[in-house]
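Trainee: I would like the atomic coordinates for the input below:
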Amino acid sequence: MNILALDLGTSSVRGLVLDADTRPLPGALARRKIDLAIGDDGTGTLSGPDYLASLVDCLDELADAGHLHDVNLVAVSAQWHSVLPLDHAGAPLGPVITWLDTRPGPVGGTSGPADPDGFHQRTGCWWHRSYWSMRLPWLREQSGPIARFVGLPEYVLGELLDSAPMSVSQASGTGLLDLSTLRWDEEALTLAGARPQELPPLGELDWHGRLRAERARRWPQLAHARWSPPVGDGGASNVGSGCVDPSRAAVTVGTSAAVRLMQRIPAGEPMPQLPERLWRYRVDHDHVVTGAAYASGGNLFAWANRELRLPQGAELDAALALVPAGGGRPADPRFGGDRPPGLAPAGTGRLGGLSFSTTSVDILAGLMQGLCELVAEDLVVLESTIDKPVGVVLGGGAVAASTWWRQAFAAALAPRPVSHQRNPEIGATGAALVALGRFGDAVDLADIGRTDELVLPTTTGRSHPQYPS
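Mentor: Numbering: from 1, shown residues only. All right, here's what the predicted structure looks like:
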């Protein structure tokens, strides 16, 4: 049995084929870059139909190369928080609003939850621009009549499968779900000005999807494959990093970044008290992740590489090696603003300490170090929820590619033990483990190494672009 793992990311969509032990098959990776519309006003959107076309291209590529034979399970890791308004025919009424978009704000004089802390404890979220409780009323003001709302995974999978309900994992990222009852929260629906019929149906515990007949004719190898409920990318990354219990926190740096701790808390069981500055989402019906996220990650390198004429490849590695961990120029890396609960807008990034001797590498190192410091502060808060220090596993394409960034994290997070996951496709691998229910095997299957190793990931069977975002 093989597994097709899809990663519906922000900067790219990827499909890779894994064996029964979630090991990537050599060369069985297809990837398409996604065009994001980003503006100084906080815009962060993408085209739903174009995204679907990119996913179809990935599946065509894998099928044409013969990689989809023996696939009988499809696992999906998908970005949290996206929302897309649809008309009565199910056609998009505009672009997908991604997590990166900071434009939504309160409308109509709404004052928010009656008990903000109680709302936070129930939903794991805040009344904030990143969540549907504030996004849906704002979207109604931006466009004409809206029939219903979906997230990106529901839109894409709805075009491929016989049905595409919203998984509890994706629903938890909307800020409208009661994490204990796994039902829409009544106060959150009131704030959103939404009725349940305007939202995706919530998937049942045993839901699995199948390709539509016309899609199965295009990819006959997948005609009988079961599609598992999409897992929020942060939860999938924890599992793929081997961080499935409170002894180890995952620090993931992809396009954005996050620090998260995973716990087994089945639906209906009491939730631990959630600190004011942390969120909590569901991985599935039995597991939650608690943590903090940042709008900047690998996109910091992408910006620096585009604008600062950085040296390339081994030359960049050698130049960074001369900058001590904790070095570089002072920088605020919040180019994309704050993710919840922060309210800093896009364009909050700052560079300091510049002189005529400052190099592009000094600036890059300062941006990387700035993110390390943000993570270190929130990790202290995260540890307060379990009253003991944790080990840390770094993951994601950006840290997999950068020895310097791994060492900077190790220095910032000391004295905690810090290691890194060498497989850059932790989201897709984690989603496969969730689909298989193999949480207990995640630690043994993780490809974890020292923070000072420079090892080319082997997921694709070939070398990878440096510092991918």
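Trainee: Which pLDDT value does the model give the residue of the chain most remote from its centre?
Mentor: Distance to the chain centre peaks in the chain at residue 356, reaching 38.0 Å (criterion: CA atoms, centre = their mean). Residue 356 is assigned a predicted lDDT (pLDDT) of 96.
Trainee: tell me which element it falls in.
Mentor: For residue 356, there is no enclosing helix or strand under DSSP states H and E.
Trainee: Quick one: residues contacting it.
Mentor: Listed by CB atoms under 8 Å, 6 or more residues apart in numbering, residue 356 has no contact partners. Just so you know, the C-beta spots here come from the backbone N, C-alpha and C atoms, and that holds for glycine as well.
Trainee: Wasn't residue 58 part of a strand?
Mentor: No: counting by DSSP: H, G, I helix; E, B strand; the rest coil, residue 58 is not part of a strand but helix.
Trainee: can I assume it is in contact with residue 32?
Mentor: Yes: with contact taken as CB atoms under 8 Å, residue 58 and residue 32 are classed as touching, separated by 5.8 Å.
Trainee: And these two? Which one has more around it.
Mentor: Neighbour count, other CB atoms under 10 Å: between residue 58 and residue 32, residue 58 has more, with 22 against 17.
Trainee: one step back: can you pull the residues that touch both of residue 58 and residue 32?
Mentor: With CB under 8 Å, 6+ apart, residue 58 and residue 32 have common neighbours 13, 14.
Trainee: you'd agree residue 327 is up against residue 368?
Mentor: No: between residue 327 and residue 368 there is no contact under CB under 8 Å: 9.9 Å.
Trainee: For those two, work out which one has more neighbours and name it.
Mentor: The neighbour comparison of residue 327 against residue 368 (other CB under 10 Å) goes to residue 368, with 30 against 16.
Trainee: Once you drop chain neighbours, what's closest to that one?
Mentor: residue 405 (5.1 Å; CB to CB, 6 or more residues apart in numbering).
Trainee: In PDB, list the C-alpha atoms belonging to the longest helix seen in the chain.
Mentor: Looking across the chain with DSSP state H, the single longest helix is helix 360-383. Output in PDB follows, covering the C-alpha atoms of helix 360-383 (Å, rounded to 0.1, in the frame of the first residue of the first chain):
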ATOM      1  CA  SER A 360      23.200  41.800   3.200                       C
ATOM      2  CA  VAL A 361      24.200  38.700   5.200                       C
ATOM      3  CA  ASP A 362      24.200  40.800   8.400                       C
ATOM      4  CA  ILE A 363      20.700  41.900   7.700                       C
ATOM      5  CA  LEU A 364      19.600  38.300   6.900                       C
ATOM      6  CA  ALA A 365      21.100  37.000  10.100                       C
ATOM      7  CA  GLY A 366      19.400  39.700  12.100                       C
ATOM      8  CA  LEU A 367      16.000  38.800  10.600                       C
ATOM      9  CA  MET A 368      16.600  35.100  11.300                       C
ATOM     10  CA  GLN A 369      17.700  35.900  14.900                       C
ATOM     11  CA  GLY A 370      14.600  38.100  15.400                       C
ATOM     12  CA  LEU A 371      12.300  35.200  14.700                       C
ATOM     13  CA  CYS A 372      14.300  33.000  17.100                       C
ATOM     14  CA  GLU A 373      13.700  35.500  19.900                       C
ATOM     15  CA  LEU A 374      10.000  35.700  19.300                       C
ATOM     16  CA  VAL A 375       9.800  31.900  19.500                       C
ATOM     17  CA  ALA A 376      11.900  31.800  22.700                       C
ATOM     18  CA  GLU A 377       9.500  34.200  24.400                       C
ATOM     19  CA  ASP A 378       6.400  32.200  23.600                       C
ATOM     20  CA  LEU A 379       8.000  28.800  24.400                       C
ATOM     21  CA  VAL A 380       8.400  30.000  28.000                       C
ATOM     22  CA  VAL A 381       4.600  30.600  28.100                       C
ATOM     23  CA  LEU A 382       3.900  27.300  26.400                       C
ATOM     24  CA  GLU A 383       6.000  25.500  29.000                       C
END
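Trainee: So the nearest residue to residue 354 once chain neighbours are set aside, which state does it fall into?
Mentor: Excluding its sequence neighbours, the residue lying closest to residue 354 (CB to CB, 6+ apart) is residue 329, at 6.2 Å. Secondary structure, three-state DSSP: residue 329 is coil.
Trainee: Mind pulling up the pLDDT for residue 329?
Mentor: 94.
Trainee: now it: how far from residue 348?
Mentor: To residue 348, residue 329 is 17 Å away according to CB to CB, to the nearest Å.
Trainee: ditto for residue 363
Mentor: 17 Å.
Trainee: Over to residue 6?
Mentor: Residue 6 is 33 Å from residue 348, by CB to CB.
Trainee: quick one: which of the two has more around it?
Mentor: Between residue 6 and residue 348, residue 6 has the larger neighbour count (other CB under 10 Å), namely 27 against 18.
Trainee: Report whether the more buried one is found in a strand, as I expect.
Mentor: Yes: secondary structure of residue 6 (three-state DSSP): part of a strand.
Trainee: what's the next secondary structure element after the longest helix of the chain?
Mentor: strand 391-395.
Trainee: Give me the buried positions along that next one.
Mentor: 392, 393, 394, 395 (16 or more other CB atoms under 10 Å).
Trainee: now the residues you listed as TSV including pLDDT?
Mentor: TSV is the format used below for the buried residues of strand 391-395 (pLDDT from 0 to 100):
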residue	pLDDT
392	97
393	96
394	96
395	94
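Trainee: Nothing else from me, thank you.
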